[in-house]
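**Student:** based on what follows, work out the 3D shape:
(one chain, ligands or ions: 1)
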Amino acid sequence: MVADITLKSISKKFKNNTALANINLTVRDKEFFVIFGPAGAGKTTLLNVIAGLYLPEYGNLYLNGVYFNYVEPEDRNIAMVFEDYALYPHFTVFENIASPLKSPKYKESKAVIEKEVTRVARILKIDHLLERNISELSNGQRQRVGLGRALVRTPNVFLMDEPITHLDAKLRHQMRAELKEMQKNLDTTTIYVTHDYLEALSLGDEIAILNEGKIEQIGTPDDIYFYPHNEFVASSFGEPEINFFDALVTDDKQLSIFEEAKIQDIPDIVKNKLDTSARSIRVGIRPKDIKYSFVKENDYSVECSVYSFEPLGAKAVLTVEKNGNQIRLVVPSILQMDMDQHVYIELDINKAMFFGPEKINLFSKFLKDAKGEVIWQS
Ligand SMILES: Nc1ncnc2c1ncn2[C@@H]1O[C@H](COP(=O)(O)OP(=O)(O)OP(=O)(O)O)[C@@H](O)[C@H]1O
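**Tutor:** Residues are numbered from 1 along each chain as shown. From the prediction side, this is the model:
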C-alpha cells in the first residue's frame with residue numbers, strides 16, 4: 001500500500017492566533033517523518049489537519065497525489081496514536097488491541113482478529129500479556145497496548161503525537177529503538193511528533209522543524225545537525241546548547257571574537273562567503289568543540305572564569321564567563337573546577353558554523369522559493 005502525503009501552503013488559525021502558516025512538505029511512502037518543535041509550535045495542529053480533525057483555512061492536502069481536504073477522517077485510513085491512549089481499563093490487553101477490528105466499520109471474523117492481535121502483540125513484545133487486564137500493566141506496557149490498538153488496522157499512515165514522552169528515560173530509550181524497528185517491519189508511512197531532539201535525530205528519516213507555526217527546516221538528521229538552516233535549528237539540536245559568538249570580519253577576511261586572542265585562520269571556503277562590508281557575523285560552536293586549559297597555551301587562548309561546573313557521569317558541563325557572556329564546554333568530570341577559577345579556552349574554528357543576516361547559516365542547504373516551497377535540500 002503506497003502512502004505519500006503532500007501539504008501545500010497549509011494555514012490554520014484559531015481566532016486571531018495563527019497556529020500554522022504556509023506549511024509545505026512531502027512525506028514519502030514508508031518514511032518515518034518527524035515533526036519537531038517547542039511547545040505551542042503547531043505540531044499537534046498539523047497532525048490534526050492531516051488526520052482530518054481540522055480543516056485548514058488555506059492550502060491543499062494530497063494523499064498519493066489525490067486531493068483529500070474534504071475526505072472524512074474515518075475514510076482517510078490514518079491511525080492516530082496519542083500520548084494518552086484512553087484504553088479500556090477493565091478489558092484485557094487482547095480485547096483492547098482487538099477493539100478497532102470489532103467496530104461496525106471493520107467487523108472482522110474471530111479468526112482474523114486472533115491473527116492480527118497476535119501479530120501486533122509479537123511486534124510490540126507484549127504477546128505474553130494478552131490475557132492481563134490493563135489495570136495490571138506498567139505505564140510502558142500500557143503505551144505499547146495503545147500502539148497495538150493503532151497497529152491492528154494496518155492503516156495507510158500512522159500519526160503519533162509524543163507517544164513515549166512520559167515514559168521514564170530508560171524505557172524511552174528502549175522504546176525509541178523498538179519504534180524504529182517496528183516501523184521497518186510494518187512498512188507504513190509514519191508521522192511522529194516530538195519535542196525531544198534525540199528522539200527526532202534517532203527516529204527520523206527526515207525531520208521538519210516547526211516554530212511558531214512555520215517550518216524552519218526540513219532535512220535528514222545529518223542535514224539538521226551538521227547544516228542547521230539557522231540559529232534556531234542549531235540551538236534546538238544538541239545538549240548542552242551550541243554557543244554563539246558575535247564576531248567582526250576584519251579587512252583581510254579574518255574573524256575577531258575576543259580582543260585579547262587571535263582566531264585561527266578560517267578556511268578559504270568560509271572566507272569566500274564572508275562579506276567585509278557587513279562586518280559582523282555570528283559564529284556557532286558546539287560545546288564539545290571548545291578546548292580548555294589551565295595555562296595560556298598560545299595566542300588563541302582566551303582567559304575566562306568558571307561560572308558553573310555540572311558533573312554528568314563521565315562528562316561534565318563547564319560554563320565559563322567572558323565579558324559577561326556565558327560559554328558552555330563539555331569536559332571530563334574528574335576535573336572538579338571551582339567557581340571563579342581562571343581557565344583558558346580555545347575555539348576550534350574548523351568545527352564552527354557561520355550565521356549571517358537573519359541568523360541564516362552561510363552554508364545552509366535548505367532553500368525555499370518565494371511561496372515557501374522547498375526547492376533544494378542536499
Ligand atoms: N483548539 C484550539 N483553540 C485555540 N487555540 C489552539 C487550539 N489548539 C491549539 N491552539 C493554539 O495553536 C498553537 C499551536 O498549538 P499546538 O497544540 O498545535 O502546538 P504543539 O506544537 O503541539 O504544542 P505542544 O508541544 O505544547 O503540544 C498554540 O498557540 C495553541 O495555543
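
**Student:** so where do the strands sit in the stretch 151-300 of the chain?
**Tutor:** Here the stretch 151-300 of the chain has its strands, by DSSP state E, counting those that start in this stretch, at 157-161, 189-194, 206-211, 214-219, 243-249, 255-256, 280-285, 290-293.

**Student:** helices or strands up against the last one?
**Tutor:** If I follow you right, that is strand 290-293. Helices and strands touching strand 290-293, by 3 or more CB pairs under 8 Å, 6 or more residues apart in numbering; DSSP states H and E, are strand 325-332, strand 342-347. In short, each C-beta sits where N, CA and C put it, glycine included.

**Student:** what pairs with that strand, parallel or antiparallel?
**Tutor:** Using DSSP bridges, the strands paired with strand 290-293 are strand 342-347 (antiparallel).

**Student:** before we move on, what about the fourth one?
**Tutor:** Strand partners for strand 214-219, identified by DSSP bridges, are recorded as strand 206-211 (antiparallel).

**Student:** out of the helices and strands packed on strand 290-293, which is the most enclosed?
**Tutor:** The highest average neighbour count among those, using mean count of other CB atoms under 10 Å, belongs to strand 342-347 at a mean of 20.

**Student:** report the distance from the next helix or strand after that strand to the chain centre.
**Tutor:** With elements assigned by DSSP states H and E, the helix or strand that comes after strand 342-347 is strand 353-355. Its chain's C-alpha centre and that of strand 353-355 lie 21 Å apart, by CA atoms, centre = their mean, to the nearest Å.

**Student:** list the contacts for L55?
**Tutor:** Counting by CB atoms under 8 Å, 6 or more residues apart in numbering, L55 makes contact with V49, N69, Y70.

**Student:** show me what contacts the residue lying closest to the first one once chain neighbours are set aside?
**Tutor:** Translated: V49. Closest residue in space to V49, ignoring its immediate chain neighbours: P56 at 5.3 Å, by CB to CB, 6 or more residues apart in numbering. Each residue near P56 by CB under 8 Å, 6+ apart is listed here: I10, S11, K12, L20, V49, N69.

**Student:** swap in 6 Å and give it another go.
**Tutor:** Taking CB atoms under 6 Å, 6 or more residues apart in numbering as the contact definition, P56 lies against I10, K12, V49.

**Student:** show the pLDDT at it.
**Tutor:** pLDDT, P56: 95.

**Student:** which one (most neighbours) among the contacts of L55?
**Tutor:** Of all the contacts of L55, V49 has the most neighbours under the rule other CB atoms under 10 Å, reaching 23 neighbours.

**Student:** so is that residue in a helix, a strand, or just coil?
**Tutor:** Here V49 is helix, with the state taken from DSSP: H, G, I helix; E, B strand; the rest coil.

**Student:** how far away is it from E57?
**Tutor:** Distance check for V49 against E57: by CB to CB, to the nearest Å, it reads 10 Å.

**Student:** show the pLDDT at the closest residue to M175 other than its chain neighbours.
**Tutor:** Once flanking residues are discounted, M175 sits nearest to I164: 4.6 Å by CB to CB, 6+ apart. Note on I164: pLDDT of 78.

**Student:** cool, W376 as well?
**Tutor:** On the pLDDT scale, W376 is placed at 59.

**Student:** quick one: residues contacting T154.
**Tutor:** T154 sits next to no residue when contact means CB under 6 Å, 6+ apart.

**Student:** ramachandran angles for it?
**Tutor:** Backbone geometry at T154, expressed as degrees, to the nearest 10, gives phi 40, psi 70.

**Student:** and the helices in this structure, which stretches?
**Tutor:** Remark: helices assigned in the chain by DSSP state H are 43-51, 93-102, 110-123, 139-151, 169-186, 197-203, 221-226, 231-236, 268-271.

**Student:** and the contacts of the shortest one?
**Tutor:** The one in question is helix 268-271. By CB under 6 Å, 6+ apart, helix 268-271 touches K253, F354.

**Student:** cutoff 8 Å now
**Tutor:** K253, F354, L362.

**Student:** distance of the first one from A247?
**Tutor:** In this case it means K253. Per CB to CB, K253 is found 12 Å from A247.

**Student:** who's more crowded, these two?
**Tutor:** A247 (24 against 15).

**Student:** shouldn't that one be in contact with V283?
**Tutor:** Yes: the criterion here is CB atoms under 8 Å, and A247 meets it with V283 at 4.9 Å.

**Student:** and for the two, which residues touch both?
**Tutor:** L255, I257.

**Student:** for the contacts of L55, give me JSON lines that also has distance to the ligand and pLDDT.
**Tutor:** Compiled in JSON lines, these are given as follows (distance: CB to the nearest ligand atom, whole Å; pLDDT from 0 to 100):
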{"residue": "V49", "distance to the ligand": "10", "pLDDT": "96"}
{"residue": "N69", "distance to the ligand": "19", "pLDDT": "93"}
{"residue": "Y70", "distance to the ligand": "20", "pLDDT": "93"}
